[in-house]
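1. Sequence and predicted structure are below.
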Amino acid sequence: MPYGSCLCGRVTIDVEGELPGPTACHCSKCRKQSGHFEASTDVPRDKVTIVGEENVTWYQSSGKVRRGFCSVCGSSLFFDPPHLHWIAISMGAFDGPTQTKLARHIFVANKGDYYDIADGLPQNQQ
């Protein structure tokens, strides 16, 4: 069972089953939130257990999506479209091996000019 937490440990995340291949998002919102680009995995909500959810602050970043972070240490943890059956969990939150590999890049038309994407994975412009 993949397990993760925020930097201070007040929020922990357990995922039942294997993690889907993560997506790297290079859009301007993910870059601003993460400080670079954001990599996350989309997990069915019924497979996720969050302990310490009272320490998660939600920021409504668009009309359809909110982003969750630890209100104590600031760790970026979730990308949440509440109207869908899944929630994205930031890959950096996982402790130990995740048994998965990056699957694709999205919003590469908005990526920073200070780095290249050269891993050969599929790239979606938007």
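-> Now that the structure is in, tell me what you want to look at. Numbering: from 1, shown residues only.
2. Going by C-alpha atoms from here, please, whenever you check contacts or count neighbours.
-> Will do.
3. Parallel or antiparallel, which strands does the top strand by length along the chain pair with?
-> For the chain, the longest strand by residue count, based on DSSP state E, is strand 38-44. If you go by DSSP bridges, strand 38-44 pairs up with strand 23-25 (antiparallel), strand 86-90 (antiparallel).
4. List the residues that contact the spatially most central residue of the chain.
-> Residue closest to the average C-alpha location in the chain (CA atoms, centre = their mean): residue 90, at 2.6 Å. Counting by CA atoms under 8 Å, 6 or more residues apart in numbering, residue 90 touches 38-41, 76-79.
5. Most neighbours out of those residues, which is it?
-> In terms of neighbour count, residue 77 stands highest of the contacts of residue 90 at 27 neighbours, by other CA atoms under 10 Å.
6. could you pull out the helices for the chain?
-> 28-34 (DSSP state H).
7. can I have the helix or strand of it with the lowest mean pLDDT written out in CSV, keeping just the CAs?
-> Ranked by mean pLDDT, DSSP states H and E, the helix or strand of the chain with the weakest confidence is helix 28-34, at a mean of 92. Only the C-alpha atoms of helix 28-34 are listed here, as CSV (Å, rounded to 0.1, in the frame of the first residue of the first chain):
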residue,chain,number,x,y,z
SER,A,28,1.6,28.0,-15.2
LYS,A,29,-0.6,27.2,-12.2
CYS,A,30,1.2,24.0,-11.4
ARG,A,31,4.5,25.7,-11.9
LYS,A,32,3.6,28.5,-9.5
GLN,A,33,2.2,26.1,-6.9
SER,A,34,5.2,23.7,-7.0
